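> Below are the sequence and a predicted model; questions follow.
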Amino acid sequence: MIQEIKPAIWQILGKQPGRNVVIIGGTHGNERTGVEVVSKLKSMIESGRLNIIRGTLVLIHGNPRAIEINERGSEPHADLNRSYLVDLLEREPTGIYEDQRAREIAPLLIVSDVVVDLHATNKPSEPFIACADSSGHEQVYQWFPSKKVLSDPNYVLAGKLVTTDEFVDAHGGTGLCYETGQAGDVTRVDEVMRNVINLLIDQNLVEGEVRIPSNECEIYEMIEPIVLTAVGFTFAEGFGNGSWEPFVADQTIGYHGDVPLVATYDGVVVFPKIQELRKEGSPLAYLAKKVNERKKPPRD
Ligand SMILES: [Zn+2]
């Protein structure tokens, strides 16, 4: 039985008790793979091709207004994935649509065991995972093909806890964002559907058997943002075209005006923004560095 419990939030209750899993697509409206995956899962369940036996599955189209206009947010620089302040529900509403939408979704995240928020990058990138680095997270992200995990223990992304996965973690669940590739590229929809169904089997919501894939991941940590200032910023040759461009210590990554930007460590550039998403005083990209490489993560 599938029920739309709030706008674009569908709940499917299994006959037996079990885990509570939430799958979100379209937290950013122009990231179409997640939007499609949620729509397809919904129609598979409606037509009886996918049965939820145990637990609860919640399917969400994160930001319906942004999905409607195929933009990141409902207005320029509005961002649902920066709206999940840990105490969101105790705060005064801001009047911004994304704040209101986060309040509709947050109660479902608070009671969830596992949340996968499907994203895509605005410049080219291989698929990767963004979440905290722990064995609990590894049990979830192992079902999503990725060679890289980007963690952010010091909240470099936004300066504080604000993303879907961080909000879920703060309330006792396990949250992750899966970056499926570049926004607008929908060639991975069927693959990501299969990944989600494998996760649902592993979480015992769906009957079936899956083999644990062998995932050898490199773990990266966000170190610092590149903040756009009044003098402007240009990337050096070979940088700014996509996530995971490697640099070495003392290499010029770009220029604030004519002042070179260098790091004191080897690392990678992640989440470079396209020109129209740049904003003075805000990050235009981030620097991350590899913290370890392993087959099996340490215990929590
Ligand atoms: Zn996104």
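All right, it came through fine.
> Residue ranges in this protein under the pLDDT threshold?
Within the chain, the segments meeting pLDDT under 70 span 215, 293-300.
> What about the residue nearest to residue 230 when sequence neighbours are not counted, how many residues nearby?
With sequence-adjacent residues excluded and distances taken as CB to CB, 6 or more residues apart in numbering, residue 230 is closest to residue 280, at 6.3 Å. For every residue, glycine as well, the C-beta is placed using N, CA and C. For residue 280, the tally of surrounding residues (other CB atoms under 10 Å) stands at 12.
> Could you check how far residue 280 is from residue 122?
Remark: distance between residue 280 and residue 122 (CB to CB, to the nearest Å) = 18 Å.
> do residue 181 as well
Plainly put, residue 181 is 11 Å away from residue 122 if you go by CB to CB.
> sorry, back to before: ok, the residue nearest to residue 230 touching residue 229?
Yes - between residue 280 and residue 229 there is a contact under CB atoms under 8 Å: 6.8 Å.
> Mind listing what's buried along stretch 129-141?
Neighbour-count burial for stretch 129-141, counted by 16 or more other CB atoms under 10 Å, picks out 129-133, 137-141.
> what's the closest of those to the ion?
When those are compared for distance to the ion (CB to the ion), residue 130 wins out at 9.3 Å.
> Dig out what that closest one forms beta bridges with.
Counting by DSSP bridges, residue 130 is bridged to residue 150, residue 177.
> just residue 267 next, same as before
Assessed by DSSP bridges, residue 267 has beta-bridge partners residue 247.
> thinking again about what came up before, can you list residues touching both of residue 280 and residue 229?
Counting by CB atoms under 8 Å, 6 or more residues apart in numbering, residue 280 and residue 229 have no common neighbour.
> any idea which of the buried residues of stretch 129-141 is closest to residue 268?
Distance to residue 268 across the buried residues of stretch 129-141 (CB to CB) is lowest for residue 130, with 13.3 Å.
> Tell me who's in contact with that closest one.
When the contact criterion is CB under 8 Å, 6+ apart, the partners of residue 130 are 119, 149-152, 163, 165, 176-179.
> Could you do residue 72 as well?
28-31, 66, 78-79, 122, 277.
> interface residues of the protein facing the ion?
Applying CB under 5 Å from the ion, we find that the chain lies next to the ion at 28, 31, 119.
> can you pick the most crowded of those?
residue 31 (29 neighbours).
> Please report how far residue 243 lies from residue 94.
Separation of residue 243 from residue 94 (CB to CB): 30 Å.
> Who has more neighbours out of the two?
In this view residue 243 and residue 94 are compared by other CB under 10 Å, and residue 243 has more residues nearby, 23 against 11.
> which one is residue 56 nearest to, not counting chain neighbours?
Nearest residue to residue 56, sequence neighbours excluded (CB to CB, 6+ apart): residue 20, at 4.6 Å.
> can you count the residues close to that neighbour?
Neighbours of residue 20 under the rule other CB under 10 Å: 19.
> Could you list which residues are in contact with it?
55-56, 58, 111-114.
> Highest neighbour count among the residues you listed?
Using other CB under 10 Å as the neighbour test, the contacts of residue 20 are led by residue 114, with 24 neighbours.
> Between its first and last residues, how far does stretch 121-134 reach?
Start-to-end span of stretch 121-134 (CA to CA, to the nearest Å) is 23 Å.
> contacting residues for the residue of the stretch 51-200 of the chain found nearest the ion?
Closest approach between the stretch 51-200 of the chain and the ion, counting by CB to the ion: residue 119, at 3.4 Å. By CB under 8 Å, 6+ apart, the contact set of residue 119 is 27-28, 31, 34, 81, 130, 177-180.
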